[in-house]
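Chemist: the following block contains a protein sequence and its predicted model.
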Amino acid sequence: MPTARTGKDACDLLDADHRAVKKLFKEFEELTGSRARNAGQKKMDLAQQICMELTVHAQVEEEIFYPALRAALKDTDLLDEAEVEHQTAKDLIAQIESATEPDEKFEAKVKVLGEYIDHHVKEERNEMFPKARAARKLDLVSMRDELEARKEELMSELGAEA
């Protein structure tokens with residue numbers, strides 16, 4: 001997921017990640033059912049990229065964004081749900097990443113992960129981000145810089161281009 005200055009604040013940056021991973025899921029879906037000789041490898045590569053992007057995204061949210069929100073908001077039910085959703089996604093990501101070749105459930109796992117992420121993104125976009133922007137205690141512009149720096153660091157550790 002690109003880390004160029006894609007937005008004005010932390011929510012914009014996180015939402016740019018959401019859009020980028022949605023595009024990867026769409027590319028994966030387009031390969032589903034393909035009979036091309038290298039379609040299996042392309043699906044594996046895309047799935048690995050999706051998993052890496054989501055892993056880094058979840059980590060920066062859990063390390064920086066969610067704790068700041070938890071400190072600034074009175075009602076933290078949304079954050080509790082988001083953390084449970086992250087754990088469930090991580091379980092599915094681990095199953096996808098451990099595949100050495102696409103088996104009969106590989107595509108289904110990636111599809112379910114995509115649906116799960118869609119649900120999670122809608123909640124963040126429609127409920128969490130507005131609350132974050134309304135919280136006076138949060139400096140979402142400087143948080144964007146912090147998120148960006150941490151994301152680049154994690155991508156570098158994983159040997160990926162940030």
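Modeler: Nice, I can see it.

Chemist: what pLDDT does residue 3 get?
Modeler: Residue 3 is assigned a predicted lDDT (pLDDT) of 41.

Chemist: show me the contacts for the residue sitting nearest the centre point of the chain.
Modeler: In the chain, the centroid-proximal residue (CA atoms, centre = their mean) is residue 54; its distance is 3.4 Å. Residue 54 makes contact with 21, 89, 93, 113, 117, according to CB atoms under 8 Å, 6 or more residues apart in numbering. Every residue, glycine included, has its C-beta placed from N, CA and C.

Chemist: buried stuff in the helix or strand in which it is found?
Modeler: Under the criterion of DSSP states H and E, residue 54 resides in helix 39-60. Buried residues in helix 39-60, counted by 16 or more other CB atoms under 10 Å: 43-44, 46-47, 49-58, 60.

Chemist: what about this structure, any weak spots by pLDDT?
Modeler: Scanning the chain for pLDDT under 70 picks out the ranges 1-7, 160-162.

Chemist: 90 - rerun?
Modeler: Flagging of the chain using pLDDT under 90 yields the residue ranges 1-8, 31-41, 74-75, 99-104, 136-137, 158-162.

Chemist: next, the residue of the chain most remote from its centre: secondary structure please.
Modeler: The C-alpha centroid of the chain is most remote from residue 37, which lies 29.5 Å away (CA atoms, centre = their mean). Of the three states, residue 37 takes coil under DSSP: H, G, I helix; E, B strand; the rest coil.

Chemist: neighbours around the nearest residue to residue 43 once chain neighbours are set aside, how many?
Modeler: Among residues not flanking residue 43 along the chain, residue 31 sits closest, at 5.1 Å (CB to CB, 6 or more residues apart in numbering). If you count neighbours by other CB atoms under 10 Å, residue 31 ends up with 17.
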